[in-house]
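**Student:** return atomic coordinates for the entry below.
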Amino acid sequence: MPEQPFEPDRAIAGTGMGGAMDLATSEAETLEKTPGGPEGTGPQEKPRSLWSDAWRDLRRNPVFIISALVILFLVVISLWPSLIASGNPLKCNLAKAQEGSQPGHPFGYDGQGCDVYTRTVYGTRTSVTVGVLATLGVAIFGSVLGGLAGFFGGIWDSILSRLTDIFFAIPVVLGGLVLLSVVTSNTVWPVIGFMVLLGWPQISRIARGSVITAKQNDYVQAARALGASNSRLLLRHITPNAVAPVIVVATIALGTYISLEATLSYLGVGLKPPTVSWGIDISSASAYIRNAPHMLLWPAGALAITVLAFIMLGDAVRDALDPKLR
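**Tutor:** Numbering: from 1, shown residues only. Here you go, the predicted structure:
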């Protein structure tokens, strides 16, 4: 058989069946190397961080979207309640006390003749303010104490552990009845201070455990071996990887603090008139629940929706930040 002339622009690649397949040289090179990948693995994507993965999951979670929209609405009416309520929550007319829904007053009137709709809208500001400020105070104070104790350990960790045990033994409602009963201020600050005082141990323990886990990772040990200072280790390497559990618990606790404020106000030791609060309105309406149930229905419903929205948001954030659920 006469020899075939060698053509340098062709390459012979064996097939798996013992035959031969003619390929152009450029095509053979294409099979060996795919553009963008070192070994034909395709384009290399930039590695995503925990936060980018969490945000991607949150955007696809309907629970997060619904709860976030509800919370956004609550924040807007907390900042600008006059957008949807033009009346004065402290302006009352005894002649209309306990009357039901009327044109311009869809929720009716309370026992003092105040517009229930206007008071419910303006009560959002108080409840959201107390919940947000209490959560920020608890998260900052508890995270700092727990993070430092978990990082340095030793005697400071032992002292903090015993201190948190003491605060965990104090019943929240009973503590509020004892501590707030001697306060005569009508502002929200005594209530916020009480929540921070009894709420920081939970965040502190979570932050302590997260820091202890994070500081044992290889990248922290490598940074320490390279001479990184304690402040750099805490701020640059440990905190970004230990803050996720604190955010989850704080988000869920925000709804709990709103409910706690309403409970203390209902018992008469929280916020006091003339402050407009859902807890105060619920306490005032409880005596008229048979004759005028609308007085209790609307502020209690607003409280339930608000607490549920923050709990749903916390659950969605927890699912997104928990690597075990991926």
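
**Student:** how far away is the residue nearest to the spatial centre of the chain from residue 100?
**Tutor:** Geometric centre of the chain, nearest residue: residue 251, 2.6 Å, by Cα atoms, centre = their mean. Distance, residue 251 to residue 100, using Cβ to Cβ, to the nearest Å: 37 Å. No exception for glycine: its C-beta is placed from N, CA and C like everyone else's.

**Student:** before we move on, what about residue 156?
**Tutor:** 60 Å.

**Student:** now do residue 65
**Tutor:** Taken as Cβ to Cβ, the span from residue 65 to residue 100 is 35 Å.

**Student:** before we move on, back to that, and the helix or strand that contains the residue nearest to the centre of the chain, what does it pack onto?
**Tutor:** In this structure, residue 251 sits in helix 244-266 according to DSSP states H and E. Helix 244-266 makes packing contacts with helix 116-152, helix 172-179, helix 189-214, helix 278-285, helix 294-321 when contacts are defined by 3 or more Cβ pairs under 8 Å, 6 or more residues apart in numbering; DSSP states H and E.

**Student:** just the CA atoms from that helix would do, formatted as PDB, please.
**Tutor:** Provided in PDB are the C-alpha atoms of helix 244-266 (Å, rounded to 0.1, in the frame of the first residue of the first chain):
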ATOM      1  CA  ALA A 244     -23.000  35.000  61.800                       C
ATOM      2  CA  PRO A 245     -24.600  33.200  64.900                       C
ATOM      3  CA  VAL A 246     -24.800  36.500  66.700                       C
ATOM      4  CA  ILE A 247     -26.700  38.100  63.800                       C
ATOM      5  CA  VAL A 248     -29.200  35.200  63.700                       C
ATOM      6  CA  VAL A 249     -30.000  35.200  67.400                       C
ATOM      7  CA  ALA A 250     -30.200  39.000  67.500                       C
ATOM      8  CA  THR A 251     -32.700  39.100  64.600                       C
ATOM      9  CA  ILE A 252     -34.900  36.600  66.300                       C
ATOM     10  CA  ALA A 253     -34.500  38.300  69.700                       C
ATOM     11  CA  LEU A 254     -35.700  41.600  68.300                       C
ATOM     12  CA  GLY A 255     -39.200  40.300  68.000                       C
ATOM     13  CA  THR A 256     -38.900  38.900  71.500                       C
ATOM     14  CA  TYR A 257     -37.900  42.300  72.900                       C
ATOM     15  CA  ILE A 258     -40.900  44.000  71.200                       C
ATOM     16  CA  SER A 259     -43.200  41.400  72.900                       C
ATOM     17  CA  LEU A 260     -41.400  41.900  76.200                       C
ATOM     18  CA  GLU A 261     -42.000  45.700  76.000                       C
ATOM     19  CA  ALA A 262     -45.700  45.100  75.400                       C
ATOM     20  CA  THR A 263     -45.800  42.600  78.300                       C
ATOM     21  CA  LEU A 264     -44.200  45.000  80.800                       C
ATOM     22  CA  SER A 265     -46.400  47.900  79.600                       C
ATOM     23  CA  TYR A 266     -49.400  45.700  80.000                       C
END
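
**Student:** now the angle between helix 294-321 and it, please.
**Tutor:** 170 degrees (axes from the mean of the first three to the mean of the last three Cα atoms, to 10 degrees).
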